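> got a structure for you, letters missing:
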C-alpha cells in the first residue's frame, strides 16, 4: 500500500494541448506543436515550454521543434509564427527558402479570413503565398498538399489563359489572390505551423 502511495505522489503531471493562444495562461502562446510556451530571456528564442508540454518539451526552450527563432511575427488568435522576407524572389526559390528552415515551415498557407488580413499586415507589398497549380494545370494546391478549404481569389482569378501563370500571390492593396508566372520576382512570407511541405504537390 505504501508503495502505491509513493508512486501516486511521484506521478508525472498531466500534459495539456492547445490550439489557440487564448488557451494558454495570460502572456503565453500556443506553439505549432500544440503546447503552451511563455517568455524566458534565458532561451535563445525568448520562449520556454511550460511544465505541461507534451513529450520531452516540458520546461525546454522553444527551438526548431516549435519554430525557429527567426519566426517572430504573429497573427492575433492564430498559433502559426511567420517570417516576412523583403527580398524579391521567384516562387519556387521562396518556397525552398521557407522549407529549409525546418520540417514544419513553408510559404504561407492561408486558411481563414483572419489569416489573410493578418498576412497583409505583415508584409508591405504583393507577396507569394504557398499555392500553385504547377503539378496539375487548373488544380491549385497548397505546398503542404492540403486542398483549398478557404479561397480569396480576385475577380476573374485565377486568370491564366495560356498555362504560364501557375503560382499565386496576395495583392497588398486588396488582399485578394491572383495567379502569376512563377519566375516573376515578389516578396514572400514563410509560415511555421508544424506541417511539413509536400514537394509532390508543387
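That came through fine. These numbers were taken from a predicted model, which means no experiment stands behind them. Numbering: from 1, shown residues only.
> residue 46: how many residues sit nearby?
Residues lying near residue 46 (other CB atoms under 10 Å) number 15. C-beta coordinates here come from the backbone N, C-alpha and C atoms, glycine included.
> spit out the contact partners of it.
39, 40, 69 (CB atoms under 8 Å, 6 or more residues apart in numbering).
> and if you look at residue 105?
67, 68, 71, 83, 98, 99, 190, 191, 192, 197.
> restricted to helices, list those residues.
98, 99 (DSSP state H).
> which SS state does residue 121 fall under?
helix (DSSP: H, G, I helix; E, B strand; the rest coil).
> helix, strand or coil for the residue nearest to it when sequence neighbours are not counted?
Closest residue to residue 121 apart from its sequence neighbours, by CB to CB, 6 or more residues apart in numbering: residue 75 at 7.8 Å. Put simply, residue 75 is coil when judged by three-state DSSP.
> so residue 75 sits against residue 115, correct?
Yes - judged on CB atoms under 8 Å, residue 75 makes contact with residue 115 at a distance of 5.8 Å.
> from residue 72, how far off is residue 105?
13 Å (CB to CB, to the nearest Å).
> put the buried members of the contacts of residue 105 into a ChimeraX selection.
Entered in ChimeraX, the line below selects the buried ones among these, by 16 or more other CB atoms under 10 Å:
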select :67,68,71,83,98,99,190,191,192,197
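> in strands, which of the contacts of residue 105 fall?
Secondary structure from DSSP state E places 83, 190, 191, 192 of the contacts of residue 105 in strands.
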